[in-house]
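Peer 1: give me a model of this one.
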Amino acid sequence: MTHDTRNEAPSASRHRRPPLDASMTLLTEVMDRPLDPGYAEAAARRTTGQEPPRRTGTWVFVAVLAVALGFVTAAATIDLRAPQGAAIEARKVLEKEILDRREQVDALSAQATAVSDEIETLQTEALADVDPALLETLQIDGVASGSLAVTGPGLVLTLQDAPAGVGADDQSLNEKVQDSDLQRVVNALWASGAEAIAINGQRLTPLSAIRSAGEAILVDLQPLIGPYRVEAIGDPATLETEFARSDAPGYLSILSSKWGIQSSRISQGKLSLPGDGIQRLFYAQAVDSTATTGDEPGVPTGQDSPSTQGSESLRSSTGPAGADSSLAGQESTE
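Peer 2: Purely as a prediction, here's the structure:
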């Protein structure tokens, strides 16, 4: 019986493996030679004691080198962050200069206040018997301009930042009293009939400005720290009634409910507000002297002679005349 090999050739060709692709070399290597035999061989060497012993000196050297590198890195970081000697000296010089200038400003302010008080005393003594009406007008103007200290009943309104823990962990700017809040309160008090207002002892004048610099509130460039005590002199009943009719109470209520800013107001039987003695002269007008008659030869009527020109009195003003300071106060804070 003969064996037909023609039918076997196609069968063998069907089971023959295709040629390997060069791009599959890495995968073929992983499949044909796994890492497990290597790990098994290393474990067998450790079991039979054929593995070479580890050198203790090498490990000690590596540990010492790591410690040295860490020490050098820490020392370099500290040296870079530490202030240099020249920077420290410059900082000390600047701090000393700031303190010296601040002392000079305080001394000059006290001197200006003392001179202003002396001028006020001399002016009162000079006009008390000569022209009482003019003296009264000057006093009214002094109250309106804020140059004179005033005492009387009034209303005290206090604003305070939100307590710690309200809202976010870091107190946001909205949870602090801002300059616009004080402006709204002050304008409402002026409109309610206040004759004089001070914030934390800082007297407001027709030229006062309530502004902010960063998170600080400035009144006439003087920084204030909360709580903010707003004192207004005037009839307490009128102030309370008119202030309640304004939009300020509703605004303060929104600040309290939304941002946690606390506010309170109370009537006081006696308030004492200091005067702002440092005033700037904007205009002056010469007053006709009674000693000038125009009868002297060479001097026409209505003109001042050289002998009387030095004795003229000046009327100056730093604010609007009259006792109504509410409008001026509103303009100063808007």
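
Peer 1: in stretch 184-202, what counts as buried?
Peer 2: Buried residues in stretch 184-202, counted by 16 or more other Cβ atoms under 10 Å: 184-200, 202. For the C-beta atoms, the positions are set from N, CA and C on the backbone; glycine is no exception.

Peer 1: what residue spans form the domains of the protein?
Peer 2: 85-130, 133-278+324-333 (automatic domain parsing).

Peer 1: what separation do you get for the closest residue in space to Leu273 that isn't next to it in sequence and Leu69?
Peer 2: Distances taken as Cβ to Cβ, 6 or more residues apart in numbering put Ala198 closest to Leu273, at 4.5 Å, once the chain neighbours are dropped. Distance, Ala198 to Leu69, using Cβ to Cβ, to the nearest Å: 64 Å.

Peer 1: three-state assignment of the residue nearest to Leu273?
Peer 2: strand (DSSP: H, G, I helix; E, B strand; the rest coil).

Peer 1: wait, it touches Ser272, no?
Peer 2: No: using Cβ atoms under 8 Å as the test, Ala198 is too far from Ser272 to be in contact (9.4 Å).

Peer 1: quick check: phi and psi at the closest residue to Val177 other than its chain neighbours.
Peer 2: Leaving aside its sequence neighbours, Val177 sits nearest to Leu159 (Cβ to Cβ, 6+ apart; 4.9 Å). The phi/psi pair for Leu159 (degrees, to the nearest 10) reads phi -120, psi 140.

Peer 1: what about the strands in the stretch 51-200 of the chain?
Peer 2: 150-160, 196-199 (DSSP state E, counting those that start in this stretch).

Peer 1: run through the neighbouring helices and strands of the longest one.
Peer 2: Strand 150-160 makes packing contacts with helix 179-191, strand 228-233, helix 236-245, strand 262-273 when contacts are defined by 3 or more Cβ pairs under 8 Å, 6 or more residues apart in numbering; DSSP states H and E.

Peer 1: hang on, the earlier thing: got a pLDDT number for the residue nearest to Val177?
Peer 2: Per-residue confidence (pLDDT) for Leu159: 95.

Peer 1: cool, and Val62?
Peer 2: 85.

Peer 1: stretch 264-278 - what's its average pLDDT?
Peer 2: 86.

Peer 1: how about that stretch: buried residues?
Peer 2: For stretch 264-278, by 16+ other Cβ under 10 Å, it's 265, 271, 273, 275-277.

Peer 1: between the residues you listed, which is nearest Ala244?
Peer 2: Nearest to Ala244 among those, counting by Cβ to Cβ, is Arg265 at 9.4 Å.

Peer 1: contacts only, for the closest one.
Peer 2: Neighbour list for Arg265: 155-158, 240, 243 [criterion: Cβ atoms under 8 Å, 6 or more residues apart in numbering].

Peer 1: go on, Glu41?
Peer 2: Counting by Cβ under 8 Å, 6+ apart, Glu41 has no contacts.

Peer 1: are we agreed that it is in a strand?
Peer 2: No: counting by three-state DSSP, one finds Glu41 to be helix, located in no strand.

Peer 1: distance check, it against Thr47.
Peer 2: Counting by Cβ to Cβ, the gap from Glu41 to Thr47 is 11 Å.

Peer 1: what's the answer for Ser172, then?
Peer 2: Applying Cβ to Cβ to Ser172 and Thr47 gives a distance of 68 Å.

Peer 1: with Gly57 instead?
Peer 2: In terms of Cβ to Cβ, Gly57 sits 26 Å off from Thr47.

Peer 1: Ala149 too?
Peer 2: On the measure of Cβ to Cβ, Ala149 and Thr47 end up 101 Å apart.

Peer 1: these two - which one has more neighbours?
Peer 2: Ala149 (17 against 9; other Cβ atoms under 10 Å).

Peer 1: surely the more buried one touches Ser272?
Peer 2: Yes: taking contacts as Cβ under 8 Å, Ala149 lies within contact range of Ser272: 7.1 Å.

Peer 1: pipe the strands of the stretch 51-200 of the chain into CSV and attach distance to Arg229 per row.
Peer 2: Listed next are the strands of the stretch 51-200 of the chain as CSV, based on distance: least, Cβ to Cβ, whole Å:
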stretch, distance to Arg229
strand 150-160, 5
strand 196-199, 7
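
Peer 1: closest one to Thr73 among those?
Peer 2: Across the strands of the stretch 51-200 of the chain, closest to Thr73 is strand 150-160 (Cβ to Cβ), at 48.5 Å.

Peer 1: which parts of that closest one are buried?
Peer 2: Result for strand 150-160 [16+ other Cβ under 10 Å]: buried residues 150, 152, 154-155, 157, 159-160.

Peer 1: swap in stretch 246-262?
Peer 2: 246, 248, 251-252, 255, 259-261.

Peer 1: and the two most separated of those?
Peer 2: The widest separation within the buried residues of stretch 246-262 (Cβ to Cβ) is 22.5 Å, between Ser246 and Gly260.

Peer 1: all helices of the chain, in order?
Peer 2: 8-15, 25-32, 36-48, 56-81, 85-128, 132-145, 179-191, 236-245, 248-254, 306-309, 326-333 (DSSP state H).
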